[in-house]
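1. Output the structure for:
(3 chains)
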Amino acid sequence: MVVRRYARLYDQVFSVVAIFVALVFFFPIYWAASTSLRNPIDTFTVSGVGVPFLDFDPTLNNWIDQLSTPETQNALINSTIISTLATLLALLVGLPAAYALARFRYTTIKNKDLTVWFLSQRVLPPVATVMPFFLVMRSLGLLDTHLALILINATFILPFVVVILRQSFLDLPYELEEAALVDGASFFQTFLRIALPLSLPSVVTTGLIIFAFAWNEFLFAITISSQKAITIPVHMAGAVDTRGVQFWFMAVRALIAMIPPVVIALLAQRYIVRGLTLGAVKG
Amino acid sequence: MTRKQAKFFFLAPAIIWVFVFTIFPLGYSAVLSVFSLENSVDVTRTKVPLLDDAGEPVLTRSGKPRTRTVIERTVNSDWTFVGGKNFVRITKDMQAAEAAKVTVIFAVVAVTIQIVLGMALALLFNRKLPARGVMRSVMIMPIFATPIAVGYLFFTIFFENGGPLSFTGIPWLSNPSWALFSVILVDVWQWTPFAFLVFLAALQGIDSEQIEAARLDTESSWKIFTNIVLPALQPVIVIVLLLRFAEAIKVFDIPFALTGGGPGVATQSYTFLAFRTGLRFFDVGYASAMSYTLLIAAMIIVTVFFSRIRKSYS
Amino acid sequence: MFRRAMLAAPLVLAGLATAASAQESFVKWNDDGSAELLVNDGLWLKTAPGELGDLFGPGEKPFEGVEISITVNTGGPKGGISGPLHTFRPIWEELSGGKLNIVELPFAEHFTKMMTDLRTGTGQFDAFMVGAFWYGDIAAGNFAFPINELMESGEYPQWSLDSMPPSLRQLYTWGDDVLGTLGDADGQALYYRRDILEDAEWQAQYKAETGKDMVLPPRTWQDVLSISQFFDGKNWDDGDDEPDSGMVLHLKVGEQGHFHFQSLSASFVINPGDEVTQFDNVYWFDPTDMTPLINKPGHVAALEFLQELSKTGPAAQVGWSLGETWDYFLRGKSIFVFSWGDVGSLVQDTSRSKIKGKLGVSIVPSSERYWDLETEKWVEGAGDRRVGNTVGGSWHGVISAFSNNPEATYSFLSLMAIKPVSKWNANNGWTGVDPGYSYQFLEPQGEATLAEYEAAGWDPGDVQQYLQAYFDNFNAPTMLTYLRIPGTFEYWDILDKNLSAAMSDQKTAQEALDDTAAAWEQVTDRLDRANQLKLYQAAIEYDG
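-> Here you go, the predicted structure:
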């Protein structure tokens, strides 16, 4: 009995610690929300932790101002188009490769070396390719186009598709596919009709995670885009003007930028660990 | 389609893709680093009468014929071979040395904190808690929050006169050492949850009977940790270390947004410097040489961990 | 998070809806040929008959179907410099029938994007709202479209170069070519708290403590330092219980901190003379061989002085941009700030400022001594030899040489340059367009009246001193030369980083400026020393 009561106290202490830790990690996001609801003049004068209604009169003006400008809307649309198409493109190119690495045995270069080769793309510093990519896009007349950013983002997220989904295919039972092949189905049919539907949940969640990565990409976006193809992170960087930082708009823009990938990550929770470690750790 | 053909056609697109969009640019970059590239544009302007759809001249309100300007331009690119000059220049460039130092300090300190803190939190939370789902959700948010937005967000938090942390009196962004630490803190905020989630997942995979047995043998918690938990987690720690370190040496978004690389060059990361050199001042060859140097550093890191990673994928 | 996302979704839709439904008229034509333009909050700007030129008129759509793009530093619909573009976009679109894209680029990226477009001949942008320090790269590369002919044609809105003092006119032109349309006028002036410094009790205390009389406005930098030191740490403003500061500076790296050093050091450095010689009226380089002058004793002493001066302000200012610094002054926390014209107009905005009606302004003071470059000795007791400056960007429109629609673009930029618009810009602080032209100065120096400023909400005492200070500054007999050679942005970026290192005590003044000089030599060599020298000599009008 003593032990159990001791354990319960332990639990309570841990709950308190857990809440504290959660608050610390949540605070910056909360602070952005609070700042975004303040009138500019209240930015630095609110007391305490800036609880709306309690510490200041909240206003939606900053949100309305930002969301009603064509530039914000344009950036939102661009980011959606670019991230979605980059995700689909990476899946299109990467899924067959992931399947092949799971199901076929390569001998000239071994499967695991091929896998690690794909993985190593992820480790390359993007700044090494930003200059040539920029010059190539310039010669092709593709600067400031969606296409350029779709291609580059697809390139960055391709390793995730190959490496993570290879693991998902490996986790599937091979018997069904074997049976189909025996029945005379082609490899392509087997892949499309049997393996793919079975692994659909992990394909979708992986898609969500790589969408979020593409959404967050900044270095290439700021290099390639200047007007028509400006994405949300680039738009975000414009919250600073020559006269300094407009905290209220910055908070709004930060939240606009962060909400989609964060919501998506929450939807894909179960696969986060596997996704972030490129399939090396199963969550 | 034979198995042989299938093997080829399934894998080929992805491999070709990497060759076109990664290997080719890297080769191009290598070429750039040993050349100097000068662009010039010739432009000629001609004034022509402005005509309407019917081919009639358009007049101003006072009846003068209007004109418009037609532009013709030719772009000339001039390549000169400069050999290893750009690489030699890096060794003499104080800014590059400073940026390399900043990057290494950042990566080592930030990743160490993330792993230690992530491990501590994972151990702490490796138990049944009433709201573990909420906790997990909260920890996922920073990882996926847009880094550039995070940088600006923390600018408001570290703001020294009126920000929520101003009561500490710490010169978060105005003192060079603190500024670097602030950049590290932001990275810690964003990526400790990653280490935490991975370690937590791994901890849950450890055989609890083994731990119970050890506990019955009245081994101390520390001993259980070092003798059972740590060895079991070692592969995962290596993965986290590699992935985080490889990301950390590329850091760009956060100093870009939070400090602009300052004060002075106290938080100017290597990627930041290469980006500015190449794209702001058009010193393309030198910037390519700089990024190649970083690439080599990244390769060394990968190679060090290479055998360890290969095991995870066999 | 989910809930916040749900909240945002309808807002996006609401935003789209408002954007689509805004269909009102922004232009009214009167029978006498004058027009009225709706700028904001129901305020109509009246133009003179014929002022909008020959092309615009009732029912005319001279640029129907034309689409132009103009880049500007990010600031949004109510931001500095970008704000007026947003304000005049619907007006111009109605007048011309064209479409204007405002391309907002972060300050740090704007130059890059512009030069990329120009160097590659892309011509994606029709015009750029440039900083004058980009002229070295733009004009020397033949990347700008000269507007002389368009100005003379009478077809477009009418404005005149004669409204510019020579110091500013020089920034808008390159040789005989006019490249810029009238916009912002930048220069730093000294702002101070008139109410405190004129207070007899404080003056007596100052005399008792320092043994000196307080001369107003301060004539020398040394006086400013002494006054700053006296007030720093005392709670002289009753706004709060915290001690207040003497001086406040904007020193954030990568922004505009180095302009403080330029405007302050000018009088430590510049040797007065009637002409530009190897030693007189030079600041940046030796005009005979491009050796940097930046680490000469005059510059070093000025930086040491700036370090000393910054100690009378909040430590956090090392990381502050303009906005944070101005707000500190506006909140009544410091005696002095030396900065751009924005401060004067922002002081009038009582939602941000507590010090309306308490403002003193003067041309920046001079140093008691300067370094003679020829004899290599200090000249002491140099007296009042205040040096005017045009530091900053004087942000304004320049048309791209690769624009396919220079005429349409000019019709927009010139619309923003006419007298009533110029006045409106100066009247309103948020526009970021600062006074410097005769359109904006008070009669008889200029063409504006006190009543106009008062109607726009200005305190008469504040505005008189303010406009006088800027008139004195832009018409000063000695001016700080503006650097207009290729690579200016890079030279200044190097200087800026080193200054920031010095101001945050990472380097001594001497080290910082020696490092700057060494890096400048590398840039000069890389960009071709002979060519740089030729362009530098042309830019400062040195003829051996």
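
2. Return the residues in contact with the closest residue in space to A:Lys228 that isn't next to it in sequence.
-> For A:Lys228, ignoring the flanking residues on the chain, the nearest one in space by C-beta to C-beta, 6 or more residues apart in numbering or on different chains is A:Asp144 at 5.3 Å. Quick note: C-beta positions are derived from backbone N, CA and C, even for glycine. When contacts are counted by C-beta atoms under 8 Å, 6 or more residues apart in numbering or on different chains, A:Asp144 touches A:Ile224, A:Ser225, A:Ser226, A:Gln227, A:Lys228, A:Ala229, C:Gln124.

3. There's contact between the fourth one and C:Ser69 in this structure, I believe.
-> So the one you mean is A:Gln227. Yes - shown here, A:Gln227 and C:Ser69 form a contact pair, counting by C-beta atoms under 8 Å, at 6.3 Å.

4. which neighbours do the two share?
-> Common neighbours of A:Gln227 and C:Ser69 (C-beta under 8 Å, 6+ apart) are C:Asn101, C:Val103, C:Gln124, C:Phe125.

5. Secondary structure and neighbour count added to these, as a markdown table?
-> Formatted as a markdown table, these follow (DSSP: H, G, I helix; E, B strand; the rest coil; neighbours: other C-beta atoms under 10 Å in any protein chain shown):
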| residue | secondary structure | neighbour count |
| --- | --- | --- |
| C:Asn101 | strand | 17 |
| C:Val103 | strand | 25 |
| C:Gln124 | coil | 20 |
| C:Phe125 | coil | 24 |
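
6. quick revisit: in strands, which of the contacts of A:Asp144 fall?
-> Applying DSSP state E to these, no entry is found in strands.

7. In PyMOL, how would I select the buried members of these?
-> Applying 16 or more other C-beta atoms under 10 Å in any protein chain shown to those, the buried members can be selected in PyMOL as follows:
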select buried, (chain A and resi 224+225+226+227+229) or (chain C and resi 124)
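
8. taking the contacts of A:Asp144 one by one, which sit in helices?
-> Counted as lying in helices by DSSP state H, out of the contacts of A:Asp144, are A:Ile224.

9. Which single one of the contacts of A:Asp144 is nearest to C:Val39?
-> Closest to C:Val39 out of these is A:Gln227 (25.5 Å), distances taken as C-beta to C-beta.

10. So which residues of the stretch 1-150 of chain B form helices?
-> For the stretch 1-150 of chain B, the helices defined by DSSP state H, counting those that start in this stretch cover B:3-18, B:24-33, B:85-92, B:94-125, B:132-144, B:147-157.

11. Comparing the ones you listed, which stretch has the densest surroundings?
-> helix B:147-157 (a mean of 26; mean count of other C-beta atoms under 10 Å in any protein chain shown).

12. quick one: average pLDDT of that helix?
-> For helix B:147-157, the mean pLDDT works out to 91.

13. Going by contacts, tell me the helices and strands next to it.
-> Packed against helix B:147-157, as judged by 3 or more C-beta pairs under 8 Å, 6 or more residues apart in numbering or on different chains; DSSP states H and E, are the following elements: helix A:2-36, helix A:232-237, strand A:244-245, helix A:247-267, helix B:176-204, helix B:253-258.

14. where's the last one relative to the chain centroid, distance-wise?
-> For helix B:253-258, the distance from its own C-alpha centre to the chain's C-alpha centre is 11 Å (C-alpha atoms, centre = their mean, to the nearest Å).

15. rewinding a little: you'd agree the residue nearest to A:Lys228 is in a strand?
-> No - counting by DSSP: H, G, I helix; E, B strand; the rest coil, A:Asp144 is not found in a strand; it is coil.

16. which stretches of the stretch 51-200 of chain A form helices?
-> Going by DSSP H, counting those that start in this stretch, the stretch 51-200 of chain A shows helices at A:61-68, A:70-103, A:111-121, A:127-139, A:146-171, A:175-182, A:187-189, A:196-198, A:200-216.

17. What residues does residue 206 make contact with?
-> Going with chain A. A:Phe160, A:Val161, A:Ile164, A:Leu165, A:Ser168, A:Ala268, A:Tyr271, A:Gly275.

18. meant chain C, my bad for not saying
-> By C-beta under 8 Å, 6+ apart, the contact set of C:Tyr206 is C:Lys212, C:Met214, C:Ile227, C:Phe230.

19. How far off centre is the helix or strand that contains it?
-> Element membership for C:Tyr206 (DSSP states H and E) is helix C:200-210. Between the centre of helix C:200-210 and the centre of its host chain there is 35 Å, according to C-alpha atoms, centre = their mean.

20. Pull out the buried positions in stretch C:39-54.
-> Under the neighbour-count criterion of 16+ other C-beta under 10 Å, stretch C:39-54 has C:Val39, C:Leu45, C:Thr47, C:Glu51, C:Leu52, C:Gly53, C:Asp54 buried.

21. can you redo the shared contacts of A:Gln227 and C:Ser69 as TSV with distance to chain B and pLDDT?
-> Listed next are those as TSV, based on distance: C-beta to the nearest C-beta, whole Å; pLDDT from 0 to 100:
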residue	distance to chain B	pLDDT
C:Asn101	19	91
C:Val103	17	87
C:Gln124	13	86
C:Phe125	13	93
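
22. tell me which parts of the stretch 1-150 of chain C are close to chain B?
-> C:1, C:54-55, C:57, C:60, C:62, C:108, C:111-112, C:115-116, C:118-121, C:123, C:142-143, C:145 (C-beta under 8 Å from any C-beta of the partner chain).

23. Take the residues you listed and keep only those in helices.
-> Per DSSP H, these map to helices at C:Ala108, C:Phe111, C:Thr112, C:Met115, C:Thr116, C:Leu118, C:Arg119.
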